[in-house]
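# Sequence and predicted structure below; questions after.
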Amino acid sequence: MKAALIWSSVMIAAVLLIRSTLRAKLGSRLVYALWIPVVLRLMLPFALFTVTEVKETAAPEITAAAESVFNPAEEANERPSSDGAAPSANPILAVYLTGAGLTAGVFLLTNLSFARRLKRTRRRLDGERRLPVYVSGAADTPCLFGFFRPAVYLSENCADSNEVNLIFAHELAHFRHGDHIWSLVRCALVSLYWFDPLVWIAAVASRTDAELACDESVTERLSPKGRISYARTLLEFASGKKGYFSSAAGMGSGGGKLKERVKLIVKERKTAKITILLAVIAALTLTACAFTETKTVYAEAEPQIKEIADKTEEPQPLPAEEQETKQEGILDFVWPLGTTGRITQGFGNVKTADGETLHGGVDVGNLTKGEPVFASRSGTVTACGYDSTKGNFVTIDHGDGFETSYWHLDSVSVSEGQCVKRYETIGAAGDTGAATGANLHFEIIRNGNKVDPADYFD
């Protein structure tokens, strides 16, 4: 979603710049077509292409991971991420859904009311045409309205005009361009991105471009005298201003925009082929960039970690009590990540809407999606797969009463029944399941009971 907002903003700014500086050389129809990639990026808030960047995990970072992840001061200041515990109410999400619902409701009520008034007052105009043509007192200006059964609606003052054919040609151009569909798509996107002023600006600008594209389609084959006649028709019947929430595609424009339309109609257009070519190349390049994400893959992390492990696990004399604990296998856990992720939620009871519940592990955030996750100890994979809460997960039985579990993985690289060694890659960090970002939920289970992982790391 974040990438979609950033890239759509860049694309909107680029189209606004092009339409204000190069319209005369590109033509209004090509300018209108430049909004298509913007619409697609807003409709598809995910990347279509991936570029893989291979990085080696630096040894100092790996060493620092085990020292810094259990920092209580940092833990208290971090925002918790989702895990098995019931999530608390998210006020930001509630505000977003409220705004989207209200905006969509206004769009729906406005257009249903308009459709009802059109149907109640309309009468069909005689004559065989490609689309049904009605005269209605509810139509301030001529317009194309309707999704499944689009029809042209004329205002009472233009029904008897000699320029009906020019008016119908304009609305037919709307139909050929699919503007009755694009109008609804525009309404839906404004509802989804109601908080983004650039999307509202783009909606208004693209609707103006739709009218200019239809003007160009109608007048390209007209003589200079015919273009003047068409301009007069606009001045007489298209002076009405459409509301922001209407999905009707019509001739109407405000005074300033109508003046711009008349100038473009009367002036003979001369397109520049080289400018068109450069604009198309730039649009395709920007679109490709907007739909491409960079995925970081960490290579040769495991040998580096093993090398560190060899250095840090040299035999040292321990007190008798600690030696006994070591024999039980408690102190030989290793941190399952090779970077300095931070604990965003510790082990213990957390408050929820229903009271308190046990958060049975630790959540490690500030991770890069795709970075490797390692087995904390040697053992056998007893479960792996997908769960709506855990996302992609792996559970390992270490054979001495201990198990470890790893949630929210982007991918799993082991299978059930497989024997794994400590430091062996079992998957990649991700945000699957009930997660709000790239993170790892890590659990240690002893004799069937979840215990605090912090007790098993120095």
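Looks like it arrived, so ask away.

# Which residue ranges of the stretch 201-350 of the chain form strands?
Remark: strands assigned in the stretch 201-350 of the chain by DSSP state E, counting those that start in this stretch are 249-250, 292-299, 342-345, 348-352.

# For those strands, which has the smallest mean pLDDT value?
Among these, strand 292-299 carries the lowest mean pLDDT, a mean of 63.

# tell me the domain ranges of the chain?
In terms of domains, the chain is parsed into 1-56+269-299, 59-86+300-456, 89-268 (source: automatic domain parsing).

# Redo those domains as JSON lines? Include mean neighbour count.
Backbone N, C-alpha and C define where each C-beta goes, glycine included. As requested, those are exported to JSON lines (neighbours: other C-beta atoms under 10 Å):
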{"stretch": "domain 1-56+269-299", "mean neighbour count": "16"}
{"stretch": "domain 59-86+300-456", "mean neighbour count": "17"}
{"stretch": "domain 89-268", "mean neighbour count": "17"}
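
# Comparing those domains by mean pLDDT, which bottoms out?
Among the domains of the chain, domain 59-86+300-456 scores lowest, at a mean of 74.

# Any idea what V420 is bridged to?
With DSSP bridges as the criterion, V420 is bridged to G379.

# and the gap between it and G127?
Distance, V420 to G127, by C-beta to C-beta, to the nearest Å: 77 Å.

# Are we agreed that E128 is in a helix?
No: read with DSSP: H, G, I helix; E, B strand; the rest coil, E128 is coil and lies in no helix.

# Which phi and psi values does it adopt?
Dihedral pair for E128: phi -90, psi 120, per degrees, to the nearest 10.

# Repeat that for P45.
phi -80, psi 40.

# Contact partners for the residue lying closest to A288 once chain neighbours are set aside?
Nearest residue to A288 in three dimensions, chain neighbours excluded: F49, at 7.2 Å (C-beta to C-beta, 6 or more residues apart in numbering). Counting by C-beta atoms under 8 Å, 6 or more residues apart in numbering, F49 touches A288, F291, T292, E293.

# if I look at the nearest residue to the last one once chain neighbours are set aside, how far off is K351?
Spelled out, it's E293. Nearest non-adjacent residue to E293, counting by C-beta to C-beta, 6+ apart: A47, 3.7 Å away. Relative to K351, A47 is positioned 36 Å away (C-beta to C-beta).

# need the next SSE after the helix or strand harbouring A14, C-terminal direction.
Using DSSP states H and E, A14 maps to helix 2-21. As assigned by DSSP H and E, the chain's next helix or strand after helix 2-21 is helix 23-26.

# same for that following helix, what does it pack against?
If you count contacts as 3 or more C-beta pairs under 8 Å, 6 or more residues apart in numbering; DSSP states H and E, helix 23-26 packs onto helix 273-290.

# Off-centre distance for the helix it packs on?
Its chain's C-alpha centre and that of helix 273-290 lie 23 Å apart, by C-alpha atoms, centre = their mean, to the nearest Å.

# Just want the angle from it to helix 2-21.
Calculated by axes from the mean of the first three to the mean of the last three C-alpha atoms, to 10 degrees, helix 273-290 forms an angle of 170 degrees with helix 2-21.

# is the residue nearest to A288 in a bridge, and if so with what?
T292.

# and what of I444?
In beta-bridge terms (that is, DSSP bridges), I444 pairs with T404, V451.

# In the stretch 51-200 of the chain, what residue spans correspond to helices?
59-68, 72-77, 91-121, 164-176, 179-192, 197-219 (DSSP state H, counting those that start in this stretch).

# For I343, which of these is the nearest?
helix 72-77 (4.6 Å; C-beta to C-beta).

# hang on, isn't W200 packed against V190?
Yes: using C-beta atoms under 8 Å, W200 makes contact with V190 at a distance of 6.3 Å.

# Let me have the contacts of F49 in CSV, extended by distance to G250.
Shown next, in CSV, are the contacts of F49 (distance: C-beta to C-beta, whole Å):
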residue, distance to G250
A288, 35
F291, 33
T292, 38
E293, 40
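
# of the residues you listed, closest to D140?
The shortest gap between D140 and any of the contacts of F49 belongs to F291, at 39.9 Å (C-beta to C-beta).

# Relative to L284, how far out is the closest one?
Distance of F291 to L284, computed by C-beta to C-beta: 11 Å.

# Likewise for H441?
Plainly put, H441 is 41 Å away from L284 if you go by C-beta to C-beta.

# Kindly report the same for H170.
Counting by C-beta to C-beta, the gap from H170 to L284 is 30 Å.

# Next: D387.
Here the criterion is C-beta to C-beta. By it, D387 lies 41 Å from L284.

# what do you get for R123?
Here the criterion is C-beta to C-beta. By it, R123 lies 47 Å from L284.

# what residues does stretch 33-40 touch?
Where contact means C-beta under 8 Å, 6+ apart, the residues beyond stretch 33-40 that reach it are 8, 11-12, 15, 18-19, 182, 185, 189, 202, 206, 209, 279, 283, 286-287, 290.

# Could you do stretch 21-31 as well?
Contacts for stretch 21-31 (C-beta under 8 Å, 6+ apart): 15, 18-19, 209, 212-213, 215-217, 264, 269-272, 275-276, 279-280.

# ok, now with 10 Å
15, 18-20, 32-34, 173, 177, 205-206, 208-217, 220, 260-261, 264, 267, 269-276, 278-280, 283 (C-beta atoms under 10 Å, 6 or more residues apart in numbering).

# Bridged to T357, which residues?
Beta-bridge partners for T357, by DSSP bridges, are V350.

# Hmm, it is touching K450, no?
No: taking C-beta atoms under 10 Å as the definition, T357 is not a contact partner of K450, at 11.9 Å.

# My guess is V362 contacts A454. True?
Yes: assessed by C-beta under 10 Å, V362 is found in contact with A454 at 7.1 Å.

# which residues touch the closest residue in space to R129 that isn't next to it in sequence?
Spatial nearest neighbour of R129, excluding adjacent residues (C-beta to C-beta, 6+ apart): F168 at 6.5 Å. Going by C-beta under 10 Å, 6+ apart, F168 touches L125, G127, R129, R130, L131, V133, P142, V152, L154, V218.
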